[in-house]
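make a model of this:
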Amino acid sequence: MDPISTADNQRTPNLFLHSLLVPGIWLALGIVAELVAPGFRLGITGSAGVFILMSVGISWLILKRYGRMPTNSESWRLVIYCSVLAILVEAWVLFVAMASPEVFPDVTFTPDAALFAILFAAGIDTLFFTLGFKVAAPRFLKNLIPPRAAPDQDAG
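Numbering: from 1, shown residues only. Alright, predicted model coming up:
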């Protein structure tokens with residue numbers, strides 16, 4: 001049987017389950033980075049690359065499993081789910097840093113500064129995931145779309 005059947009194309013991927021890869025991969029990369037290069041931080045550029053690559057990876061999993069790219073509404077839902085999960089991870093890390101001054105002696109945040117940091121990170125995360133799901137994934141994966149799953153080229 002063909003691995004990409006019409007029935008597979010009609011099924012809806014569980015987007016929340018796919019988005020749960022974000023905190024898992026992000027925390028795993030953080031642990032590996034801390035073991036390999038303690039104290040090294042990727043910064044905002046590294047986060048952008050990681051988030052965009054995770055977006056492409058999640059889109060590739062959907063393409064591989066369902067034989068199609070995520071639809072427009074599915075892409076936006078993935079942006080929202082992934083952004084919320086990333087914000088929750090960042091808020092948790094910020095809370096741990098604020099609650100453990102002996103572990104992080106160089107980190108001091110007032111509640112207003114912490115709120116600003118979370119809101120700023122929310123905007124940046126959403127931007128990176130939007131670029132990943134709406135721009136990078138379709139561009140990188142367009143050649144992997146099976147012919148019968150691609151839009152009709154003759155219609156127009």
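
give me the mean pLDDT for the helix or strand hosting Met98.
Element membership of Met98 [criterion: DSSP states H and E] is helix 72-99. Averaging pLDDT along helix 72-99 gives 91.

how about stretch 16-35?
89.

in it, which residues are buried?
Buried residues in stretch 16-35, counted by 16 or more other CB atoms under 10 Å: His18, Ser19, Val22, Trp26. Quick note: C-beta positions are derived from backbone N, CA and C, even for glycine.

list the ones among the residues you listed that fall in helices.
With helices taken from DSSP state H, the overlap with the buried residues of stretch 16-35 comprises His18, Ser19, Val22, Trp26.

tell me which two of these sit farthest apart.
His18 and Trp26 (14.3 Å; CB to CB).

circling back: what's the closest of the ones in helices among the buried residues of stretch 16-35 to Glu102?
Of these, the one sitting nearest to Glu102 (CB to CB) turns out to be Trp26, at 25.2 Å.

hmm, who's touching the helix or strand harbouring Arg65?
Using DSSP H and E, Arg65 sits in helix 43-66. The contact list for helix 43-66, computed with CB atoms under 8 Å, 6 or more residues apart in numbering, reads 8-9, 11, 13, 18-19, 21-22, 25-26, 29, 42, 68-70, 74-75, 78, 82, 86, 124-125, 128-129, 131-133, 136-138, 140-141, 144-145.

okay, the angle between it and helix 72-99?
Following axes from the mean of the first three to the mean of the last three CA atoms, to 10 degrees, one obtains 140 degrees for the angle between helix 43-66 and helix 72-99.

distance from helix 43-66 to the middle of the chain?
In terms of CA atoms, centre = their mean, to the nearest Å, the centre of helix 43-66 is found 6 Å from the chain centre.
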